[in-house]
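K.L.:
My questions are about this predicted structure, shown below with the sequence.
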Amino acid sequence: MLAGLVWRLLGVALGILITCHSRERPRSILPDTLFCFLCTLPRATIQGALGGKPKELHFFGASLVCSYIFTAAQLYILCYSVTGMILLHSLGPKLLE
């Protein structure tokens, strides 16, 4: 999970770096990168919502793996939606200044 967040942060930073020359006012890319990264956290729940598909399609049969994937996906939704919303609400306005 941590590796996915790191790669997502690097992807956002790369996208902002590429578009940096077209901005009207040059400024540090760190606040923009962090704000855009925080915006992706609550939206990451779509990935977690797909966690029930293996269980629904009996991909692994009736094994514990399906239950584990389904439970992990539900925890993923809970953690990222709440954490992302709290961080975006508390840090977002400061990063946009």
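P.N.:
Arrived safely, thanks for sending. Numbers count the residues shown, from 1 in each chain.
K.L.:
Low-confidence stretches in this structure?
P.N.:
25-27, 43-48, 62 (pLDDT under 70).
K.L.:
What are the buried residues along the strand or helix carrying residue 32?
P.N.:
Using DSSP states H and E, residue 32 falls within helix 29-43. For helix 29-43, burial by neighbour count (16 or more other Cβ atoms under 10 Å) applies to 29, 32, 33, 34, 35, 36, 37, 38, 40, 41, 42. In this view, the C-beta of every residue, glycine as well, is placed from N, C-alpha and C.
K.L.:
Mind listing residues that contact it?
P.N.:
Helix 29-43 has contacts (Cβ atoms under 8 Å, 6 or more residues apart in numbering) with 8-9, 12-13, 15-17, 20, 80-81, 83-85, 87-88, 91-92, 95-97.
K.L.:
Does residue 54 touch residue 69 like I think?
P.N.:
Yes - judged on Cβ atoms under 8 Å, residue 54 makes contact with residue 69 at a distance of 5.4 Å.
K.L.:
Many thanks, have a good one.
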